[in-house]
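Q: need the 3D shape of this:
(chains A and B)
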There are 2 protein chains.
Amino acid sequence: MDTPKGYRYAAIEGNLKYSGRLDLALIVSDTPCVAAGTFTTNKFQAAPVLVAKELVETSANIQAIMINAGSANACTGEEGLANCKRSLELVASRVGLSSDAILPASTGVIGMQFDMAKWETAAPVLADAVGKHTGDDFAKAIMTTDTFPKTASRIVTVNGSDVTIAGMAKGAGMICPNMATMLGTVITDAQIDAAMWKRIVKNAVDGSFNCVSVDGDTSTNDCVLALANGASGTQITEAVEAEFQQAVTAIMRELAYQLVQDGEGATKVMQIMVSGAKTNAEADLVARTVGHSPLVKTAIYGKDANWGRIVAAVGRSGAEFEAGDVQLSMCGIELFKNGQPTDADFDTLLKPYLEKRDILIDIILGNGEGKAELFASDLTHEYISINADYRS
Amino acid sequence: MDTPKGYRYAAIEGNLKYSGRLDLALIVSDTPCVAAGTFTTNKFQAAPVLVAKELVETSANIQAIMINAGSANACTGEEGLANCKRSLELVASRVGLSSDAILPASTGVIGMQFDMAKWETAAPVLADAVGKHTGDDFAKAIMTTDTFPKTASRIVTVNGSDVTIAGMAKGAGMICPNMATMLGTVITDAQIDAAMWKRIVKNAVDGSFNCVSVDGDTSTNDCVLALANGASGTQITEAVEAEFQQAVTAIMRELAYQLVQDGEGATKVMQIMVSGAKTNAEADLVARTVGHSPLVKTAIYGKDANWGRIVAAVGRSGAEFEAGDVQLSMCGIELFKNGQPTDADFDTLLKPYLEKRDILIDIILGNGEGKAELFASDLTHEYISINADYRS
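A: Below you'll find the predicted structure:
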């Protein structure tokens, strides 16, 4: 991973819930940052979401992100909110920051209060570790049911100078956007105006994390937190905004793809492209109905060219179109057109494609210019085992 | 099963797709009936849905229902429509009926054309079998991945005379209403006005089949077909409509419960009660979001009191409420209130209840008078096996 200048990392075994594994991580910038964030639309927003959201809006001192895994601190009421703030104070004072300098995020079981005695013990250990670890360690420490850490980075040359952007995310289950994914962090050493950074982060999230789905379950904790500390000394001007936007979006898309690839129990990544919808929102509705359909997901897992399940999902999505206008292709092979199957010997033709990890599903509704794209995982025996056999 | 007067049944091995099992069934009334039907809201309505819908509206001669299993005749275009009509003609002429006398329904794989040569062979066998079988045989012949036939019946005493109502349904997968279930048939020997029968059937479907979900996948073929032949000689007057309605609804609820109980791979039946929503529609939205959540369904399968997943599903449903007003109970035990967990030692308290088949989930939103109820199955290893390993 390319490393933006001016950031130090800590990733420790905090023993907050798990033991014998990394579960508490911190990124500290050497100087105050321009911060941006996008947050879950779930009505039950976790304590750290409420706190981070407010800090992004009001604090001028932000220069760190702290993430714990194991306990989501969601649905925990006033006590949860107080615990979140207290955890920030415990760490902030020890790393020489004010408590409005750290953005918190949490992932894990919902409805469980933090054990603050454990935080008291962990905080000094975390503070002492700052600078001893890497961004890759950070990505490892924020994992829950993830099977691999998720990172992506880019170096962008802006007016002859290098600017580095790095992203770290965690995902696996309870993933379906509507605002961000489980947890994503993006840091850069670019010098950038706050409004521009917020705009870029929002656009990038819309084109990346908001286009992935593992199980359709938008979490109480989803968020993307983004810091820009200016340590490269290179200013992102409006002239290069588009280029910079592209790089940030590319990083987030890379992370988002990794989330689906590492979806709980996933063996496949469906790329569902919908076009010809009345509106983009209707295209999105169709993509999500297909991407969330247990019958579609299990067929893809079973390498079964059972495209009728896709058409049935399109039909119940609620989007407006004429049934006879809809076209469906899978992996480039046209299967359904004019309200009936094409002549393609689809079982034979699709067989080699269905062995692969990436499955392209192309749906044209013939009712307008609306478009959407969704990356979705399949639904497997392993998903059931992960979610039925253990409390994640 | 109690048997309404004046109906004969046929249930044969038509060898239309399966072999060595019943797959073609017919009910014939001795006299023309008053017919009613409710049909899938999926935009891709199967050929038999289009045909039955039109017949229910226009035909005065309806006195039979024919159902085949194996091929859904959905997404099959003009050819599928012609095949459906031809199948009706093949059978109608041989049982002495006009071709607008039989309501068709089909279940099975989508996007496959009927093999009409097989229908030519099967039709006379089916016609010859009329009167040789029972309603239970009929219920067996319409099964696909069902593990048991679904029937329910009642005898209602109306003004001193007996009226019999019987229902037969199939379900298992691709079940989620919005209009009926996979396939349901209700027959009665009551004498009843067409408008009243339609009203009663619609109300009963709304309070039964439209309240169940296995996987959220509303099929292209869902329908409930209902016949009343008057053979009991007993008229359903407005004075007894409510009582008769109650009996019809009770039968459909019994069938609907059996559908969820026999949901593909299901081990549990969640009864999700939502109240205090702004509107009934919002309550329904909450119930469905919870009932369709893979994380909730796998937790229930795993007998895990992981109620945070339920609260998270409520939060992302899109319904309007204040997070602090929501209350959640499971199996009568209050778990979440005032935005935080109750003091209940829920793991211990819920343990014995989670071993049982029926799991009551009670959600109060505190934002109005809207109510809804949903019966939903869990999500299991067996569901994945059924849907990934074989083309249903």
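Q: what's next to the helix or strand containing A:Ala204, contact-wise?
A: Using DSSP states H and E, A:Ala204 falls within helix A:194-206. Applying C-beta atoms under 8 Å, 6 or more residues apart in numbering or on different chains, the contact partners of helix A:194-206 are A:34-38, A:179-180, A:184, A:186, A:192, A:224, A:226, A:228, A:236, A:238, A:241, A:244-245, A:248-249, A:251-252. All C-beta atoms are positioned from the backbone trio N, CA, C, and that covers glycine.
Q: now a ChimeraX select for only the buried ones of the residues you listed.
A: Burial among the contacts of helix A:194-206 is assessed by 16 or more other C-beta atoms under 10 Å in any protein chain shown; the matching ChimeraX selection reads:
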select /A:34,35,36,37,38,179,180,184,186,192,224,226,228,236,244,245,248,249,251,252
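Q: for chain B, give me its nearest residue in the stretch 151-300 of chain A.
A: Chain B sits closest to A:Thr298 of the stretch 151-300 of chain A, with a gap of 3.6 Å, by C-beta to the nearest C-beta.
Q: that residue - that's part of a helix, no?
A: Yes - applying DSSP: H, G, I helix; E, B strand; the rest coil, one finds A:Thr298 inside a helix.
Q: spatially, what comes nearest to it if we skip its sequence neighbours?
A: B:Asn387 (3.6 Å; C-beta to C-beta, 6 or more residues apart in numbering or on different chains).
Q: and that neighbour, helix, strand or coil?
A: The three-state label given to B:Asn387 by three-state DSSP is helix.
Q: so it sits against B:Gly263, correct?
A: No - the pair B:Asn387 / B:Gly263 is not scored as a contact, 11.4 Å apart, by C-beta atoms under 8 Å.
Q: tell me the contacts of A:Lys268?
A: Taking C-beta under 8 Å, 6+ apart, one finds A:300-301, A:357-359, A:377-378 in contact with A:Lys268.
Q: an error on my part: the question was meant for A:Met330.
A: Contact analysis of A:Met330 by C-beta under 8 Å, 6+ apart lists A:305, A:307, A:310, A:346, A:350, A:353, A:359-362.
Q: which one of those residues has the most neighbours?
A: With neighbours taken as other C-beta atoms under 10 Å in any protein chain shown, the top of those is A:Ile310, carrying 26 neighbours.
Q: for A:Lys132, give me its contacts.
A: Shown in contact with A:Lys132 (C-beta under 8 Å, 6+ apart): A:9-10.
Q: compute the distance between it and A:Lys170, please.
A: Per C-beta to C-beta, to the nearest Å, A:Lys132 is found 21 Å from A:Lys170.
Q: check whether the longest helix anywhere in chain A comes near chain B.
A: Ordering each helix of chain A by length in residues (DSSP state H) puts helix A:238-261 first. No - applying C-beta under 8 Å from any C-beta of the partner chain, one finds helix A:238-261 out of contact with chain B, separated by at least 14.7 Å.
Q: show me what that helix is packed up against.
A: With contacts taken as 3 or more C-beta pairs under 8 Å, 6 or more residues apart in numbering or on different chains; DSSP states H and E, helix A:238-261 sits against strand A:150-158, strand A:161-170, strand A:183-188, helix A:194-206, strand A:212-213, strand A:269-277, strand A:370-377.
Q: just checking, which of those comes out with the lowest mean pLDDT?
A: Mean pLDDT is lowest for strand A:212-213 among those, at a mean of 74.
Q: packing partners for it?
A: Judged by 3+ C-beta pairs under 8 Å, 6+ apart, the packing partners of strand A:212-213 are helix A:238-261, helix A:280-292, strand A:370-377.
Q: mind redoing it with 10 Å?
A: helix A:238-261, strand A:269-277, helix A:280-292, strand A:370-377 (3 or more C-beta pairs under 10 Å, 6 or more residues apart in numbering or on different chains; DSSP states H and E).
Q: among these, which is nearest B:Ala11?
A: Nearest of those to B:Ala11, taken as C-beta to C-beta: helix A:280-292 at 35.3 Å.
Q: what's the angle from the closest one to helix A:238-261?
A: In terms of direction (axes from the mean of the first three to the mean of the last three C-alpha atoms, to 10 degrees), helix A:280-292 departs from helix A:238-261 by 30 degrees.
Q: pLDDT averaged over helix A:280-292 - what is it?
A: In this model, helix A:280-292 has an average pLDDT of 93.
Q: circling back: restrict the contacts of A:Met330 to those near chain B?
A: Among the contacts of A:Met330, proximity to chain B is found for A:305, A:307, A:310, A:346 (C-beta under 10 Å from any C-beta of the partner chain).
Q: helices - which of those residues land there?
A: When these are checked against helices (DSSP H), the matches are A:310, A:346.
Q: widest-spaced pair of the ones next to chain B among the contacts of A:Met330?
A: The span of the ones next to chain B among the contacts of A:Met330, defined through C-beta to C-beta, is set by A:Ile310 and A:Phe346 at 11.7 Å.
Q: which residues are common contacts for the two?
A: A:330, A:335-336, B:111 (C-beta atoms under 10 Å, 6 or more residues apart in numbering or on different chains).
Q: looking at those, which is nearest A:Glu89?
A: A:Met330 (53.7 Å).
Q: related to what we said a few turns ago, deepest of the helices and strands packed on helix A:238-261, which one?
A: Comparing those by mean neighbour count (mean count of other C-beta atoms under 10 Å in any protein chain shown), strand A:183-188 ranks first with a mean of 29.
Q: quick one: is it near chain B?
A: No - Strand A:183-188 lies apart from chain B when judged by C-beta under 10 Å from any C-beta; the minimum separation is 14.9 Å.
Q: tabulate the CA atom coordinates of that strand in CSV.
A: Only the C-alpha atoms of strand A:183-188 are listed here, as CSV (Å, rounded to 0.1, in the frame of the first residue of the first chain):
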residue,chain,number,x,y,z
LEU,A,183,-16.5,0.8,7.6
GLY,A,184,-14.2,2.6,5.2
THR,A,185,-11.4,5.0,5.7
VAL,A,186,-9.6,7.1,3.1
ILE,A,187,-6.6,9.2,3.9
THR,A,188,-4.5,11.5,1.7
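Q: in the sheet, which strands lie alongside the helix or strand of chain A with the lowest mean pLDDT, parallel or antiparallel?
A: Counting by mean pLDDT, DSSP states H and E, chain A has its least confident helix or strand at strand A:212-213, which shows a mean of 74. Sheet pairing of strand A:212-213 (DSSP bridges) gives strand A:370-377 (parallel).
Q: per-domain residue ranges of chain A.
A: Domain assignment for chain A by automatic domain parsing gives A:7-261, A:269-389.
Q: what pLDDT does the residue of chain A positioned farthest from its centre get?
A: Seen from the C-alpha centroid of chain A, the residue lying at the greatest distance (C-alpha atoms, centre = their mean) is A:Asp343, 39.8 Å away. Looking at A:Asp343, its pLDDT reads 87.
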